[in-house]
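Participant: Fold the following and give me the result.
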Amino acid sequence: MFKKIALLALFAISAFAIYNRERIIRSFSEDTRTINTSEVKLLFRQAPTIKQLTAELIKNGIISDGDHFNEYVAANRIDASQFAAGKYVILSQTHLASLVDGFVKGDNGHGNAEVKVNVDFNLCRGIEDIASSISKCILADSASIATYLFDPVIQSIYGFTEEEMPALFLPERYEMYFDTDAEAFTAFMANEFKSFWNKGRIVKMKSIGLSAPSQVATIASIVYSEQSKMEEEWPVIAKLYLNRIDKGIRLESDPTFKFCWGDKLEGVERLLNKHKEIDCPYNTYRYQGVPPGPICVVPRKVIDAVLNPANVNYIFMCGKPGGGGHNFAVTNREHDKNAAIYHVWLKKYLAEKNS
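Facilitator: The predicted structure follows:
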């Protein structure tokens, strides 16, 4: 009797195995691969459920059989709740085991195969601009980034006032995980800031009479706003402003009062005396010394230009006819001559442009 039962059981198992032979082979074969013939990029803004993940894999031509994918996950006791959001690149003919494991969170909280994305934030004037630019690169939205950076507690942790906070950010192309949040992004930038501001730069900062990296970044932001293209002028302009600080002369930089107006002076080619009258702590025509914080974030090279200023005695500068560069001067008389030549050219240029 026992032998008959055993034979019946063996027969049943054999029949099931024969009927499901292909599925069993696919489920447990190490050579089961994806069907895509070229790499496919996937982006998940939220951690996908197994249903969502399966649907995306089928939709993008990575697998053809959703049931098989689910069976593999179940057979290998993979916790589908541990699939991670982020960016993934699925290579052609990827092993099923590697495909599934790639979406599972590792010890760092990211998917094992999650790849990093490029993060850029150039030409930003303040925290709002930084938040807007960053939100286009990572999962965190601009509101959450701005709220985090405007938090006085967070500013205190990093040793900045609200006005100084932009000095924390050194624009460059960085690589981060897509699902980076505001806190992780700020911590990342703080590490970059700490690495950049080494002992050597701190010594140079003190040697030029400035007391904090945020002050250097602020002078650099003025230099960059005056001249963003001709790098050879950066150390000259930097020294000009440092000379004015040493002599107790107001910086009188047009970009500073323009910053006070926000977007209202965008596209205005001729700034007038009435624009300089705005009462704003950043307006260096009204207030002496270094403004409360940067008027934009600047490349590292501009900061280094401030730390390594040219050996010049200039106090004044104005644009050269034709635009692009500047004429520099030591005395009022020289400057008045340069300014007169520039204004004659500017008047003619605007007349021709508007005719």
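Participant: Can you name the residues that contact residue 238?
Facilitator: 219-220, 223, 305-306, 309-310 (C-beta atoms under 8 Å, 6 or more residues apart in numbering). Backbone N, C-alpha and C define where each C-beta goes, glycine included.
Participant: Repeat the analysis, applying 7 Å as the threshold.
Facilitator: 219, 223, 305-306, 309 (C-beta atoms under 7 Å, 6 or more residues apart in numbering).
Participant: Redo the residues you listed as CSV? Include secondary structure and distance to residue 59.
Facilitator: Converted to CSV, the contacts of residue 238 look like this (DSSP: H, G, I helix; E, B strand; the rest coil; distance: C-beta to C-beta, whole Å):
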residue, secondary structure, distance to residue 59
219, helix, 53
223, helix, 51
305, helix, 51
306, helix, 52
309, coil, 57
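Participant: just those residues now: which is nearest residue 94?
Facilitator: Comparing those against residue 94 with C-beta to C-beta places residue 305 closest, at 47.7 Å.
Participant: State the pLDDT value of the closest one.
Facilitator: Looking at residue 305, its pLDDT is 98.
Participant: Verify the stated contact: it with residue 234.
Facilitator: Yes - under the criterion of C-beta atoms under 7 Å, residue 305 makes contact with residue 234 at 3.6 Å.
Participant: Residues in contact with both of the two, list them for me.
Facilitator: With C-beta under 7 Å, 6+ apart, residue 305 and residue 234 have common neighbours residue 223.
Participant: And the helices in the stretch 201-350 of the chain, which stretches?
Facilitator: Per DSSP state H, counting those that start in this stretch, the stretch 201-350 of the chain carries helices over the ranges 213-226, 234-246, 254-260, 273-276, 300-307, 332-354.
Participant: List the buried residues in the shortest one.
Facilitator: Which is helix 273-276. 275-276 (16 or more other C-beta atoms under 10 Å).
Participant: Contacts made by that helix with the rest, please.
Facilitator: 257, 261, 265, 285.
Participant: Out of those residues, which one has the weakest pLDDT?
Facilitator: residue 265 (76).
Participant: For that one, give me its contacts.
Facilitator: With C-beta under 7 Å, 6+ apart, residue 265 has these contacts: 258, 271, 275.
Participant: Can I get the residues you listed in a markdown table including pLDDT and distance to residue 51?
Facilitator: Formatted as a markdown table, the contacts of residue 265 follow (pLDDT from 0 to 100; distance: C-beta to C-beta, whole Å):
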| residue | pLDDT | distance to residue 51 |
| --- | --- | --- |
| 258 | 91 | 54 |
| 271 | 74 | 59 |
| 275 | 83 | 59 |
